[in-house]
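Asks: Can you look at this prediction? I've put the sequence above it.
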Amino acid sequence: MRNKDIERDVVLEERIYQLREVNITKDSEDPAYAVMRQVIAYAPYYRTFVKSYTAGTYLKGTGKINKIPALFKISKSVREDAKKYVGRLFVLEEQRRVTFTAPNTWDNEVKAYTNSFPDELQVSLETVNINLYQPTIFGKVSPLGPGAFSYYQYKLKGFYTEGEHLINKIRVIPKKGNPELISGYLYIVENLWCRSAVDVKMSYSGFNASVKVTCKEIRPSVFLNTSTTLNADIDVMGIKGEASYLSAIHYTNLDIDATAFIPGKEPQGSNA
């Protein structure tokens with residue numbers, strides 16, 4: 001059988017997708033607004049529909065100082081400390097077992113932990129409890145919050161299929177370049193009107209960051225955060241550095257509000 005050609009016929013199962021018709025004319029409203037009205041209307045539901053869960057979490061963060069200006073190197077002791085910090089890669093890594101009970105009870109059990117950041121550069125990276133449906137996210141006005149149309153413009157950039165779902169790619173544009181806002185893309189599940197991913201950029205004073213949140217369908221019609229990545233450039237008072245982190249979440253014992261209505265579907269059972 002060696003060196004002999006093998007011919008096989010493979011027949012793929014036919015699957016037909018019917019996409020909605022999109023007509024864009026001069027002065028017409030972008031189709032993204034129809035999607036976002038549904039998302040914003042259902043945001044209060046998705047903000048509270050999880051009653052409880054247990055999850056295993058993993059977090060890894062890194063940071064590096066690339067430059068400290070001469071102003072901070074006047075004294076010998078400060079100069080020596082600066083030499084220890086500049087160019088060195090610091091690493092934070094941990095595993096936890098997290099238990100959440102609505103509305104806001106958290107129990108964190110640390111399973112493993114290592115941290116090489118010096119005390120002067122300690123950071124707190126809490127990604128497990130990010131709720132993308134809150135009126136503010138990452139300290140900024142949320143594009144999913146009430147009154148969001150006063151702060152953002154939206155453009156439909158396309159749509160694609162993910163499993164049995166149609167995903168809308170929505171570009172988020174802050175009005176008048178407001179630094180208190182975010183920019184980037186939302187990925188919205190058609191008919192469920194929840195997000196399957198978020199890819200945004202934001203700026204603080206001397207801090208520019210990009211954040212990507214990926215959601216998975218943990219059970220039919222239930223999308224929850226499963227991973228978050230952040231990359232940041234830092235330039236504060238001439239101190240330049242960079243930071244990044246990745247967090248991942250694996251859910252168990254998930255309990256969803258059995259009486260709540262999920263758009264386009266029957267009410268969900270509450271057992272994992």
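Replies: Good, I have the coordinates.
Asks: Can you name the next helix or strand after the longest helix belonging to the chain?
Replies: Secondary structure of the chain per DSSP state H: the longest helix is helix 32-48. Downstream of helix 32-48, the first helix or strand assigned by DSSP states H and E is strand 50-67.
Asks: Could you name the helices and strands sitting against that next one?
Replies: Applying 3 or more C-beta pairs under 8 Å, 6 or more residues apart in numbering; DSSP states H and E, one finds that strand 50-67 contacts strand 89-101, strand 239-256. (Each C-beta comes from the backbone N, C-alpha and C, glycine too.)
Asks: and it, how far from the chain's centre?
Replies: Offset of strand 50-67 from its chain centre (C-alpha atoms, centre = their mean, to the nearest Å): 12 Å.
Asks: again with stretch 51-70
Replies: On C-alpha atoms, centre = their mean, the centre of stretch 51-70 falls 14 Å from the chain's centre.
Asks: pretty sure S247 is touching Y58, no?
Replies: Yes - using C-beta atoms under 8 Å, S247 is in contact with Y58, at 6.7 Å.
Asks: Of the helices and strands packed on strand 50-67, give the one that comes closest to N66.
Replies: strand 239-256 (4.8 Å; C-beta to C-beta).
Asks: Which strands or helices does the closest one pack on?
Replies: strand 50-67, strand 207-219, strand 222-236.
Asks: When S247 and Y58 are compared, which one has more neighbours?
Replies: Neighbours per residue, other C-beta atoms under 10 Å: of S247 and Y58, the larger number sits with S247, 22 against 16.
Asks: okay, the more buried one: pLDDT?
Replies: The model reports S247 with a pLDDT of 92.
Asks: Mean confidence (pLDDT) on stretch 63-83, please.
Replies: 66.
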